[in-house]
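Novice: Kindly generate the corresponding structure for this input.
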Amino acid sequence: MTLAYEFSYTFTQFGFLTTTIANTLFIYMTILHIQKITGTYKVMVLVFSLMGILFSAWELVARPFAHNYNKGLIYFSLNDWMNASHEFLQFAIILYASFYLVILAIIAVQFVFRYFTLCKPKWAKKFGGSGVILWISYTLLSGAIYGGSLYYFCHPDKFSDGYMREIIYDSYNLTITDIPRFLMIPYGADGSVRWNNLSFLLVGVMILSLQYIIIVYCGVRMHSILQKELQLQSVVNRRLQKQFFRALIVQTVVPTLLFVLPIAPFLIGPLIVPFIGIEMDFQTGWMYVILCLYPPIDTIAFMLIVQEYKKVAFNMFRPVLPKKIKVASEISTSTAGNFNFTK
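Specialist: Alright, predicted model coming up:
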């Protein structure tokens, strides 16, 4: 089991390294070389990229892991290198959980901004200036609601610790009271509902669903506008809007496939296991480990979709590129066209 832990931490370190390299390059290019991403949108992509670095760095500190056992779910920290206090590591895994909602909320804000840019430009302008404080506050509030509900509703108690004690010792050779943890066990020993734990699940589903409702609504509306109204605009502008729309879709789909869909059955599992008569015993913490791949995948995908990044990257690395790649890249950039991301 120790080898499994070491592998998971190595995987997390790899995620942090690739995120740091990809996002630092992205930030450098955006600030100093990219000319056609300006104004509010530039602030958004920079904030999003910085959040990816912080997310990956904090995972090294929090080392979140989870385990599903029948009607119980425990979310805990495997950090054993900091000698930090129990309370600090509890805060660390709460903050890590909040980070995901903050990132998803930023994506939702970008969808709203681009939707307004297409159909209500005056409203889009409100996202700049002091409006930056408002939409950043919204993203932080979304994360705080999720993290705060996890802390308040899933704090360990005598029953939850007793229910998970043996499986944690058998699976991880850890004493449950020695690890920073939060537990969700929606039913008591007599089958009664534990409303605190159930309340966390309800709050979590609502705040997560809100982001996806915003994304889906704005996404459908943007797609409709791209199919109809933009036909009257220039070819360059149509390509611009479609390009950005594809980037937003990728930003949404990747974390959904890497995290939301895989972990959803395990979050709901404790609710339905008692009624369907099956047993669960899974190390679901690997879902958090896999999620460390999201920031670099998202950044690299964005740079591949937005043509100007490809052109700038080619110019930056041109001296070290093989001759065949140089020729292919020159042909690609010469036919890409110029795109302008407006405020």
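Novice: Please count neighbours and contacts with C-alpha atoms only from this point.
Specialist: Noted.
Novice: what ranges do the strands span in the chain?
Specialist: All strands of the chain, identified by DSSP state E, fall at 64-69, 72-77, 181-184, 281-282.
Novice: Tell me the strands beside the third one, with direction?
Specialist: When you say that, I think you mean strand 181-184. Take DSSP bridges as the rule and strand 181-184 pairs in its sheet with strand 72-77 (antiparallel).
Novice: So what's the residue count around Lys120?
Specialist: For Lys120, the count of nearby residues is 12 (other C-alpha atoms under 10 Å).
Novice: scratch that, Ile276
Specialist: 7.
Novice: Check the one 5 residues further on too.
Specialist: For Asp281, the tally of surrounding residues (other C-alpha under 10 Å) stands at 14.
Novice: what's the answer for Asp80, then?
Specialist: By other C-alpha under 10 Å, 10 other residues sit near Asp80.
Novice: Do you know the pLDDT at it?
Specialist: We have a pLDDT of 81 for Asp80.
Novice: same question, Met1
Specialist: We have a pLDDT of 44 for Met1.
Novice: again with the one 3 residues further on
Specialist: We note a pLDDT of 56 for Ala4 in this prediction.
Novice: can you list the residues that contact stretch 132-146?
Specialist: Stretch 132-146 is contacted by residues 40, 97-103, 105-106, 109, 127, 203-204, 207 when judged by C-alpha atoms under 8 Å, 6 or more residues apart in numbering.
Novice: ok, now which ones touch Ala66?
Specialist: By C-alpha under 8 Å, 6+ apart, the residues touching Ala66 are Leu73, Ile74, Tyr75, Phe76, Gln283, Thr284, Gly285, Trp286.
Novice: what about Cys154, distance to Arg165?
Specialist: Distance of Cys154 to Arg165, given as C-alpha to C-alpha, to the nearest Å: 16 Å.
Novice: Comparing the two, which residue is more hemmed in?
Specialist: Each of Cys154 and Arg165 has its neighbours counted (other C-alpha under 10 Å); Cys154 has more, 24 against 15.
Novice: Contacts only, for that one.
Specialist: By C-alpha under 8 Å, 6+ apart, the contact list for Cys154 reads Phe182, Leu183, Met184, Asn196, Asn197, Phe200.
Novice: What are the boundaries of the helices in the stretch 101-250 of the chain?
Specialist: 121-124, 131-153, 158-172, 195-227, 235-255 (DSSP state H, counting those that start in this stretch).
Novice: what's the average pLDDT for the fourth one?
Specialist: Averaged over helix 195-227, pLDDT sits at 88.
Novice: Can we start the residue count at 43 from this point?
Specialist: Fine by me, first position is 43 from now on; the one you just mentioned is helix 237-269.
Novice: May I see the buried residues of that helix?
Specialist: Using 16 or more other C-alpha atoms under 10 Å as the test for burial, helix 237-269 gives 238-243, 245-246, 249-250, 253-254, 256-258, 260-261, 264, 267-268.
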